[in-house]
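**Student:** Okay, here's the prediction I keep looking at, along with the sequence it came from:
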Amino acid sequence: MLGRDELNPLAGRKLNINAQMAAVELSYDRDWMRFRSSFFWASGDDDINDGQGGGFDAIFDHPNFAGGDFSYWQRQTIRLFGVNVVQRQSLIPNLRSSKFQGQTNFVNPGLYLVNVGVDADLTPKLKLIANGNLLWFEQTEVLEQFIFQGQVRNFIGADLSLGAEYRPYHNNNVILEGGIAGLIPGEGFQDLFNPIAGSVDGLFASFLDIILTY
């Protein structure tokens with residue numbers, strides 16, 4: 001991604017944008033099960049003051065990748081000092097106030113993600129979906145300046161999820177999705193939130209969606 005940002009809200013200046021993103025997924029089907037492994041990388045910005053925007057960002061991303069809506073990291077909004085570390089239905093830690101308001105932010109820490117997962121077609125109508133993700137910030141200098149803290153480590157934590165998808169009519173007209181997901185904080189996540197809350201416990205959420213299409 002190449003371009004120019006006329007006024008970045010975090011840097012407070014014009015930026016030349018040079019950011020990258022890469023993703024790959026490998027899968028293996030064996031009978032009624034599919035085993036998956038994937039990798040995602042979004043570049044981060046290493047210096048908020050250099051006039052360069054190296055953090056990759058998207059406008060309205062909603063990737064079905066590395067667990068998709070079943071993943072805690074992608075499904076939940078994580079707030080930090082008036083911005084979101086990550087937006088709902090997004091992978092990228094872009095430090096924006098909202099996915100739908102405000103501008104794209106190319107001064108962000110970026111992300112490394114490694115995923116393993118399995119999809120199991122228990123019946124023609126019912127699928128079980130399990131995923132495990134390990135997440136790291138690619139750069140942390142932007143976070144350190146944003147929260148005025150000397151050190152923020154890279155490891156975000158482990159994102160674990162288990163869910164089910166049920167299609168009662170064997171089509172997409174009616175889909176029921178539900179599950180439970182959690183984020184076990186790593187050192188980098190604790191560095192961000194320990195000074196605020198005093199301690200950071202695991203974050204967990206459950207959900208149930210009903211999708212109707214006619």
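**Tutor:** The structure has been received and is ready for your questions. A quick note: this is a predicted structure, and the numbers were derived from the prediction, not measured.
**Student:** Next SSE downstream of the helix ranked longest in the chain?
**Tutor:** Ordering each helix of the chain by length in residues (DSSP state H) puts helix 187-197 first. In the C-terminal direction, the helix or strand that comes right after helix 187-197 (DSSP states H and E) is strand 203-212.
**Student:** So what's the gap between that following strand and the chain middle?
**Tutor:** How far strand 203-212 lies from its chain's middle: 17 Å, per Cα atoms, centre = their mean, to the nearest Å.
**Student:** Go ahead and name everything in contact with the longest helix of the chain.
**Tutor:** Contacts with helix 187-197, where a contact means Cβ atoms under 8 Å, 6 or more residues apart in numbering, come from 80, 85, 136-137, 140, 143, 147, 149, 151-157, 183, 185, 200. Any C-beta I mention is one placed from the backbone N, CA and C, and that applies to glycine too.
**Student:** So which of those residues belong to helices?
**Tutor:** Using DSSP H, those in helices are Leu143, Ile147.
**Student:** Now, of the contacts of helix 187-197, which are buried?
**Tutor:** With neighbours counted by 16 or more other Cβ atoms under 10 Å, the contacts of helix 187-197 contain buried members at 80, 85, 136-137, 140, 143, 152-157, 183, 185, 200.
**Student:** Of the residues you listed, which is the nearest to Asp31?
**Tutor:** Here the nearest of the buried ones among the contacts of helix 187-197 to Asp31, counting by Cβ to Cβ, is Leu183; it sits at 31.9 Å.
**Student:** Any stretches of this structure with poor pLDDT?
**Tutor:** 195-198 (pLDDT under 70).
**Student:** I'd like to know how far the spatially most central residue of the chain sits from Ala23.
**Tutor:** By Cα atoms, centre = their mean, the chain has its centre lying nearest to Leu91, at 2.5 Å. Using Cβ to Cβ, to the nearest Å, Leu91 is found at 9 Å from Ala23.
**Student:** Name the SS class of the residue of the chain most remote from its centre, please.
**Tutor:** Centroid-distance maximum for the chain: Tyr169 at 31.7 Å, with Cα atoms, centre = their mean. Under DSSP: H, G, I helix; E, B strand; the rest coil, Tyr169 falls in the coil class.
**Student:** tell me the phi and psi of it?
**Tutor:** Here is the backbone geometry of Tyr169 (degrees, to the nearest 10): phi -110, psi 20.
**Student:** For it, give its distance to Phe60.
**Tutor:** 30 Å.
**Student:** With Gly51 instead?
**Tutor:** 27 Å.
**Student:** quick one, which of those two is more surrounded?
**Tutor:** Comparing Gly51 with Phe60 by other Cβ atoms under 10 Å, the one with more neighbours is Gly51, at 12 against 9.
**Student:** Helix or strand for the spatially closest residue to Trp73 that is not a sequence neighbour, just tell me which one.
**Tutor:** Of all residues not flanking Trp73 in the chain, Asp159 sits nearest, at 4.6 Å (Cβ to Cβ, 6 or more residues apart in numbering). Secondary structure assigned from DSSP H and E places Asp159 in strand 155-166.
**Student:** what comes up buried for that strand?
**Tutor:** For strand 155-166, a neighbour-count test (16+ other Cβ under 10 Å) marks Phe155, Ile156, Gly157, Ala158, Asp159, Leu160, Ser161, Gly163, Ala164, Glu165 as buried.
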